[in-house]
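Asker: after the sequence you'll find the predicted model.
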Amino acid sequence: WPEIALRQEPKDFAKQLTNHQKDGSYLNEKPAFSPQGDRIAIFSDRKDYTEIYIISAIDGKVIDKVVKGERSGDLESLHSYVSGLSWSPDGRDITFVSKSHGKDVLCLVDVKRKKIYKKFKFNLESLLSPAWSPDGEKIVFTGVMEGRSDLYATDIKTGTLQKLTDDDYDDRDAAWSPDGKTIAFSSDRPSGAKNDSTYTYGHYNIFLLDPVTREIKPFTQGGEDNLSPNFSSDGKRVCFSSTRNGISNLYIQDLDSLKTYPLTNVLTGCFTTSWSKDGDKMAFTSFYKGGWDIFILKNIKPVTENGASLVKTALILEKEKAAEAPPDTTQKKTEPKEEKKLDLRYYVFKSTEDKLDSLAKPLTPAEKETLTTKFHPGEYTPKKYKLKFTPDIISGNIGYSTFFGFQGQSFLAISDLMGNHNFFLA
């Protein structure tokens, strides 16, 4: 297994704070360092429901459970897989997004009292990834309206909403700089390309936004995905996850020189970082042994000699090789032939007795009458509809994995002729 030999496991270079194999969870993710640096807020499903926990930044012990989610219509979902957490600058409150009675709301919770004291409801279809400003007055987040994802900022005191980006690109993962003058975010907008028709959408880079002038500058460039930016405490560096070698690893890029180096060379992926205020530690999520756990990285320096690029996976090398290969000009292009289509607008479809299945039982005159079309006068004897169910879909499968064991599923759908009665069994 040469690919495994080239990579590390997360416990080889970082301290594991949560252990899904011991606490019965599957997801422990979206870590957020408190301003004091002694606590970390996370999402965890260790009690079967996704909830917000406060754990120790030293040993990962649970300090408190702040929010109990997925138990009522008031907190239907915490969107933990796509949205994150953010502390207030004084470390007293946390903001997060929840689906409440069918609508996404922005929640503020008092950590000590474990009480949600304010909810912001906006005329938006979806909310994601809130980030509290350093001055404590605003929260920036991703809002979706009519399928368009943009960055918004709300004033905490007044609740007024301000749109920071307004375009067709996907904008996400906003993070404030320590001085509050810059917002870093991920977007699939072109990075320097002027002709949108030549750009392949769906690949994310990091951009820097001035919240006052709305000016946007590209920070990273490339065809891979660069996500979840996070500023250092001095505001001079940005950490983010990138798939530039084929696996999601953590990278740091200098704000002035734009020099980039990898922090990790993991086998299973590192995601959603949070930098401590003293700049000495970094919390991140990693997939490890069939689950998601929180790790702490203390040795924040290049994982390769002189910050060299990571060895790319075989899949990435194959893609690059295919892209660099010259086009095959030996193959003669054949023009597609136009198919002649029959005009069936005035065609009368008619089933005759000689075309019926010879094995079928003989039809009565009344049954034969229903197989032909009468034009003059074209009337039929009405009959009472009889409810009769027939199967539409019958499906089933079974599988085995070394992690989950045997698994299986079956599906049955039945309905009547008119489709007025439908039953689905799984």
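Answerer: Structure's in. What do you need? For clarity, every value in this text was computed on a predicted model and none was experimentally measured.
Asker: next, count neighbours for the closest residue to Arg39 other than its chain neighbours.
Answerer: Nearest residue to Arg39, sequence neighbours excluded (CB to CB, 6 or more residues apart in numbering): Ile54, at 5.3 Å. C-betas here are computed from N, CA, C, even on glycine. Residues lying near Ile54 (other CB atoms under 10 Å) number 19.
Asker: what about the closest residue to Asn245 other than its chain neighbours, helix or strand, and which?
Answerer: Among residues not flanking Asn245 along the chain, Leu310 sits closest, at 4.0 Å (CB to CB, 6+ apart). Here Leu310 is covered by no helix or strand, with elements defined by DSSP states H and E.
Asker: distance of Leu310 relative to Ser88?
Answerer: Separation of Leu310 from Ser88 (CB to CB, to the nearest Å): 36 Å.
Asker: what's the answer for Ala131, then?
Answerer: 11 Å.
Asker: burial count for Leu250?
Answerer: 26.
Asker: likewise the one 5 residues further on?
Answerer: By other CB under 10 Å, 18 other residues sit near Leu255.
Asker: OK, contacts around the nearest residue to it once chain neighbours are set aside?
Answerer: In this structure, Leu255 finds its nearest non-sequential neighbour in Lys236, 5.3 Å apart by CB to CB, 6+ apart. Contacts for Lys236 were tallied using CB atoms under 8 Å, 6 or more residues apart in numbering; they are Asp254, Leu255, Asp256.
Asker: this structure: helices as residue ranges?
Answerer: Secondary structure of the chain (DSSP state H): helices at 2-6, 10-13, 20-23, 314-324, 365-369.
Asker: nearest to Asp166, of those?
Answerer: Of all the helices of the chain, helix 314-324 sits nearest to Asp166, with 33.4 Å by CB to CB.
Asker: beta partners for the nearest residue in space to Pro391 that is not next to it in sequence?
Answerer: Excluding its sequence neighbours, the residue lying closest to Pro391 (CB to CB, 6+ apart) is Ile414, at 5.1 Å. Ile414 forms beta bridges with Pro391, Phe423, as assigned by DSSP bridges.
Asker: cool, and Lys68?
Answerer: For Lys68, the beta-bridge assignment (DSSP bridges) gives partners Glu51.
Asker: for the residue nearest to Pro391, list the residues it contacts.
Answerer: Contacts for Ile414 (CB under 8 Å, 6+ apart) come out as Phe389, Thr390, Pro391, Asp392, Asn422, Phe423.
Asker: please repeat the previous calculation with a cut-off of 10 Å.
Answerer: Phe389, Thr390, Pro391, Asp392, Ile393, Ile394, His421, Asn422, Phe423, Phe424, Leu425 (CB atoms under 10 Å, 6 or more residues apart in numbering).
Asker: with pLDDT and neighbour count added, can I get these in CSV?
Answerer: Listed next are these as CSV, based on pLDDT from 0 to 100; neighbours: other CB atoms under 10 Å:
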residue, pLDDT, neighbour count
Phe389, 90, 12
Thr390, 90, 8
Pro391, 91, 10
Asp392, 91, 13
Ile393, 90, 10
Ile394, 91, 11
His421, 89, 11
Asn422, 90, 11
Phe423, 89, 12
Phe424, 89, 11
Leu425, 89, 9
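Asker: coming back round to it: so how far is Pro31 from the residue nearest to Leu255?
Answerer: Taken as CB to CB, the span from Lys236 to Pro31 is 22 Å.
Asker: around the residue nearest to Ile4 when sequence neighbours are not counted, how many other residues sit close by?
Answerer: In space, and not counting its chain neighbours, Ile4 is closest to Leu267: 6.3 Å by CB to CB, 6+ apart. Residues lying near Leu267 (other CB under 10 Å) number 17.
Asker: try Lys384
Answerer: 4.
Asker: going by neighbour count, which residues of stretch 225-245 are buried?
Answerer: Residues 225-232, 235, 237-245 are the ones in stretch 225-245 that count as buried (16 or more other CB atoms under 10 Å).
Asker: that older thread, quick one: closest of the helices of the chain to Leu250.
Answerer: Leu250 lies closest to helix 10-13 among the helices of the chain, at 10.3 Å (CB to CB).
Asker: for the record, mean pLDDT for that closest one?
Answerer: Taken as a whole, helix 10-13 carries a mean pLDDT of 94.
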